[in-house]
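Chemist: I would like to see how this sequence folds:
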Amino acid sequence: MNNIFKKDGEIHLGGEWWLIPDGFSGVQLQKRFLHEREKKDGTKETVEKSEDWFFANISQALRKYAQEEQKSSKTLEDLIQKTDKILSVVEEFRTNYKNW
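Modeler: As a prediction, this is how the structure comes out:
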C-alpha cells in the first residue's frame, strides 16, 4: 500500500473524486456518481456508480484528475475556473500530505 494512505484510508479530492489505495503500491483515482436506472417492474432507483483509473503513482493520478475535470469545460472562462479549482485541490493536497 502507498504510504500516503496510512494516514487516511481514502483521500477526497472534492466533488465526485477520490484517491484510494489499489491494494499494491499504486493508487486508484475514482469518480463516484449517482445514476438512475429503471428496474424490471418499471420503477426507478438511484444507485452509486464509479469510474476507476489505476496508476503507479499519485502524480499520474492527479494529472488524470486534472484532465478529466477540464474535459467538460464549455468556454474559456469555464476552463480557467476549473483550472483554478484543480490547482487549489493540488495545493491543498501538497499541504496535507507533504511527504508524498
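Chemist: going by C-alpha atoms from here, please, whenever you check contacts or count neighbours.
Modeler: OK.
Chemist: quick check: residue 31 touching residue 16?
Modeler: Yes. The pair residue 31 and residue 16 passes the contact test of C-alpha atoms under 8 Å, sitting 5.2 Å apart.
Chemist: quick one: which of those two has more around it?
Modeler: residue 31 (18 against 12; other C-alpha atoms under 10 Å).
Chemist: hang on, the earlier thing: got any residues that touch both of residue 31 and residue 16?
Modeler: Taking C-alpha atoms under 8 Å, 6 or more residues apart in numbering as the contact criterion, residue 31 and residue 16 have no common neighbours.
Chemist: export stretch 16-24 as CSV, just CAs?
Modeler: Output for stretch 16-24, consisting of C-alpha atoms alone and laid out as CSV, is shown next (Å, rounded to 0.1, in the frame of the first residue of the first chain):
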residue,chain,number,x,y,z
GLU,A,16,-17.0,13.2,-7.1
TRP,A,17,-13.3,12.5,-7.0
TRP,A,18,-11.4,10.2,-4.6
LEU,A,19,-7.9,8.7,-4.3
ILE,A,20,-7.8,5.2,-2.8
PRO,A,21,-5.1,2.5,-2.4
ASP,A,22,-5.1,-0.1,-5.2
GLY,A,23,-4.0,-2.9,-2.9
PHE,A,24,-0.4,-2.8,-4.0
